[in-house]
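Enquirer: Starting from these lines, generate the structure:
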Amino acid sequence: MLKVPVFVAGASLLAPSLNAFAQSETDTEPMDPIVVTATLGPKTVGESLSSVTTIEEAEIRQQQPKDFQDVIVSRPGIAISANGSLGKNATVLIRGHESDGTVLLVNGIRIRSVTSGSPAWHYLPPQLINRVEIVRGSRSSLYGADAMGGVVQAYTAPEGEGSKGWVEVGAGNLDTQNYTLGLSSVEENSSLGVGINRFRTDGAPVVENGDDKSYDNTSGSFNASHEFSNGVRAYMTYLGAEGRSEYEGGYNDYLFQVAGVGVDFPLTDHWRASLQFSDARDELDDVSAFPGEYNTNTRTSRLENWFTVGTHEFVLGAETMTDQLDSTQSFTEDKRGNDAYFGQALFNFGPSELHLSARSDDNDAFGTHETWGASYGYRIDSSHRLRASVGTAFKVPTFLDLYAPPAWGGNPDLEPEESTSYEIGMEGNYGNWFWDVALYQSDVDQLIIFDNTQFRSLNVKEARLRGIEVSAGWQNSDWTVRAGASAGDYEDREDGSTLIRRPEQTVRLDVDRHFDDWYVGTTLRAESHRYSYERKRIPGYGNWDLRTGVNLADQWSVKLTVDNVLDEEHRLAQYSGDQYFISAGRTAMLSVRYDFLQ
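Expert: Numbers count the residues shown, from 1 in each chain. Here you go, the predicted structure:
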């Protein structure tokens, strides 16, 4: 059986080799894929008892996204607030929670800016991503602070047995260019993957009546693993990107990087352990009227122990994480540590499943926080399952919230956010089509917001985030159709106002038709209005994308994408006064690929 490493938070689990933990891919229905982010180990989407969206490599390649947020925008429960397009600052809000309330993992390694607390989504190169898992809902009991809205995990490890090599060249309007080189080899006990990508564009205006703002990103990835005859598997992973992004008033030079090594080893027939050491860097050199360097680094060590008892599974683990800031600006603190212990129990009682988890975090700044989660699922029959969950979460104020000078909005009196979240859902899976409905609510105490009138971060005593998500999909040998919609109500309970930057309705439809040697597809999506920092109403918008591709002889292929076909100018966020950040107009990309190993 093929043994391919699956990188998860803090561990490299061998999904196919842990027969007690998961089914083989060949035994899994195509519309119920295996995911690892929801439970730390491999489960099908249905077995995870969570609201999960998976995005596979074929879909990413066909859509040719220029930014990572293009991969996840308008998916169920997800909204994007951006300061323009093409490498410009973007925040990802899941179920109404702020971007620093969402955890981003790359091959199991957590990365974010220590200063802002939010990941640099806009610098993560989608051209090197092979798969994405989005888990919506509270996950602090597994991942600690900030996993309030959910967890997004991107994978770069090679998949599929055999050797592959490819080179791809693309060009489009706005003087956009993209170059990719990749090599991968997956054998029974070893895998190796290398990718290099170069993307640059003259860009488009980021504000109304503005000038074009360029963006370039040079990135690379490396993944290697080997399983020895005694069952021990060692691995290493790396993803890095650096470049420059222009914006109104200046530009940013940036570095986005994760690196990790780990080992996964059997101790007995029913006990496996894994140990991972990782380093994540988010570095920014802001060249503007107020220049500054913000170099942040997170180092993490994580141990997991997996036990099986019959059909039940148990996890015990520990994690230590240190955040470090090196800045030309004056912060009252530049280092913060967090030590944690966590556990999980996955009980299987035939048609019923019960998942329990708990975690204790000891933070240098805020002391000890305990979080917990509980999920129950009941399989009504072979196609239908009910699920319900409840969990707590917390989020510590960022360095910028807490330690920045008062003139920058720092507030040393801020308290951590705390929430209790509830969800109930039902799904149907019929082999080649599925549907899923989920209702959720999060009650948040001490929600952290930035008050533009006082120009400082403040706590909102009580907020309520609730909504409904609906998704469905169908596929056969020729057609793939996926649809998702969300409706939410995000309220400041103190004054009854709607929380800013959050659209309350989103919808997305993806349709692809495959023929013998070519395909054609489209994406339609829309978002409702939202409110700016100054409580100004930003109108909603709709967007239409098209794509097509053809396989030629001798391993050659060509693909064409046209985004924002109608050339609409969408307002994304408030810039200043009556001026707004806007999306790029119509963009097109034509790419040619040659597969020299098959």
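
Enquirer: Need the CA coordinates for the top helix by length along the chain. CSV is fine.
Expert: For the chain, the longest helix by residue count, based on DSSP state H, is helix 57-63. Extracted in CSV, the C-alpha atoms of helix 57-63 (Å, rounded to 0.1, in the frame of the first residue of the first chain):
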residue,chain,number,x,y,z
GLU,A,57,-5.1,20.5,-6.6
ALA,A,58,-7.0,20.1,-9.9
GLU,A,59,-9.4,22.9,-8.9
ILE,A,60,-6.6,25.2,-7.9
ARG,A,61,-4.6,24.6,-11.1
GLN,A,62,-7.7,25.2,-13.3
GLN,A,63,-8.6,28.5,-11.7
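
Enquirer: just use 306 as the starting number from now, easier for me
Expert: With the count now opening at 306, the last piece we talked about shows up as helix 362-368.

Enquirer: starting at the chain centroid, how far to the helix or strand just after it?
Expert: Proceeding N to C from helix 362-368, the next assigned helix or strand is helix 374-377, under DSSP states H and E. Relative to its chain's centre, helix 374-377 lies at 9 Å (C-alpha atoms, centre = their mean, to the nearest Å).

Enquirer: What is helix 374-377 packed up against?
Expert: Contacts defined by 3 or more C-beta pairs under 8 Å, 6 or more residues apart in numbering; DSSP states H and E place helix 374-377 against helix 362-368, strand 383-387, strand 395-399, strand 436-441. For every residue, glycine as well, the C-beta is placed using N, CA and C.

Enquirer: what's the closest of the ones you listed to residue 742?
Expert: strand 436-441 (13.0 Å; C-beta to C-beta).

Enquirer: For that closest one, which outside residues touch it?
Expert: 340-343, 353, 355-362, 365, 376-377, 380-383, 399-400, 454-460, 464, 743, 745, 774 (C-beta atoms under 8 Å, 6 or more residues apart in numbering).

Enquirer: picking that back up, and the longest helix of the chain, how far from the chain's centre?
Expert: That offset, for helix 362-368, works out to 16 Å (C-alpha atoms, centre = their mean).

Enquirer: what does the average pLDDT come to for that helix?
Expert: For helix 362-368, the mean per-residue pLDDT is 95.

Enquirer: Restricted to strands, list the contacts of strand 436-441.
Expert: 340, 356-361, 383, 399, 455-460, 743, 745, 774 (DSSP state E).

Enquirer: Buried ones among those residues?
Expert: With burial judged by 16 or more other C-beta atoms under 10 Å, the buried subset of these is 340, 356-360, 383, 399, 455-460, 743, 745, 774.

Enquirer: who touches residue 461 in this structure?
Expert: Per C-beta under 8 Å, 6+ apart, neighbours of residue 461: 411, 412, 433, 434, 435, 498, 500, 526, 528, 542, 544.

Enquirer: what about 7 Å?
Expert: 412, 433, 434, 435, 500, 526, 528, 544 (C-beta atoms under 7 Å, 6 or more residues apart in numbering).

Enquirer: Out of those residues, flag the one nearest to residue 871.
Expert: residue 434 (27.7 Å).

Enquirer: Any figure for the gap between the closest one and residue 474?
Expert: Using C-beta to C-beta, to the nearest Å, residue 434 is found at 19 Å from residue 474.

Enquirer: Between those two, which is the more surrounded one?
Expert: residue 434 (22 against 14; other C-beta atoms under 10 Å).

Enquirer: How far off centre is stretch 875-890?
Expert: Relative to the centre of its chain, stretch 875-890 is centred 24 Å away, using C-alpha atoms, centre = their mean.

Enquirer: thinking again about what came up before, counting contacts, what elements does the longest helix of the chain pack onto?
Expert: Counting contacts by 3 or more C-beta pairs under 7 Å, 6 or more residues apart in numbering; DSSP states H and E, helix 362-368 packs against strand 846-856.

Enquirer: Note down every partner strand of the strand it packs on and its orientation.
Expert: strand 823-832 (antiparallel), strand 861-868 (antiparallel) (DSSP bridges).

Enquirer: what comes up buried for that strand?
Expert: Within strand 846-856, judged by 16+ other C-beta under 10 Å, the buried ones are 846, 848, 850, 852, 853, 854.

Enquirer: again, but for stretch 755-770
Expert: 755, 761, 762, 763, 764, 765, 768, 769, 770.

Enquirer: Just put the residues you listed in JSON lines and tack on secondary structure.
Expert: Converted to JSON lines, the buried residues of stretch 755-770 look like this (DSSP: H, G, I helix; E, B strand; the rest coil):
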{"residue": "755", "secondary structure": "strand"}
{"residue": "761", "secondary structure": "strand"}
{"residue": "762", "secondary structure": "strand"}
{"residue": "763", "secondary structure": "strand"}
{"residue": "764", "secondary structure": "strand"}
{"residue": "765", "secondary structure": "strand"}
{"residue": "768", "secondary structure": "strand"}
{"residue": "769", "secondary structure": "strand"}
{"residue": "770", "secondary structure": "strand"}
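
Enquirer: For the residue nearest the centre of the chain, give me its contacts.
Expert: Nearest residue to the geometric centre of the chain (C-alpha atoms, centre = their mean): residue 457, 2.6 Å. Neighbouring residues of residue 457 by C-beta under 7 Å, 6+ apart: 377, 407, 409, 437, 439.

Enquirer: give the contact list for the closest residue to the third one other than its chain neighbours.
Expert: If I follow you right, that is residue 409. Using C-beta to C-beta, 6 or more residues apart in numbering and skipping residues adjacent in sequence, the residue nearest residue 409 is residue 424, 3.8 Å away. Counting by C-beta under 7 Å, 6+ apart, residue 424 touches 409, 416, 417.

Enquirer: And residue 654, by the same measure?
Expert: No contacts exist for residue 654 under C-beta under 7 Å, 6+ apart.

Enquirer: Show me what it is bridged to.
Expert: residue 657.

Enquirer: From residue 620, how far out is it?
Expert: 18 Å.

Enquirer: List just the nearest of the contacts of residue 461 to residue 701.
Expert: Of the contacts of residue 461, the one sitting nearest to residue 701 (C-beta to C-beta) turns out to be residue 412, at 24.5 Å.

Enquirer: pLDDT wise, what is the nearest residue to residue 658 once chain neighbours are set aside at?
Expert: Leaving aside its chain neighbours, residue 658 sits nearest to residue 682 (4.5 Å; criterion: C-beta to C-beta, 6+ apart). Per-residue confidence (pLDDT) for residue 682: 98.

Enquirer: go on, the one 5 residues further on?
Expert: The predicted local distance difference test score for residue 687 is 93.

Enquirer: And for it, the neighbour number?
Expert: By the criterion of other C-beta under 10 Å, residue 687 has 9 neighbours.

Enquirer: Surely it is within a strand?
Expert: No - using three-state DSSP, the assignment for residue 687 is coil, not a strand.

Enquirer: and the gap between it and residue 653?
Expert: 16 Å.

Enquirer: Also residue 513?
Expert: For residue 513, the distance to residue 653 - C-beta to C-beta - is 56 Å.

Enquirer: could I get the strands paired with strand 846-856 as a markdown table with mean neighbour count, distance to residue 811 and mean pLDDT?
Expert: Below are the strands paired with strand 846-856 laid out as a markdown table (neighbours: other C-beta atoms under 10 Å; distance: least, C-beta to C-beta, whole Å; pLDDT from 0 to 100):
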| stretch | mean neighbour count | distance to residue 811 | mean pLDDT |
| --- | --- | --- | --- |
| strand 823-832 | 18 | 5 | 97 |
| strand 861-868 | 19 | 17 | 97 |
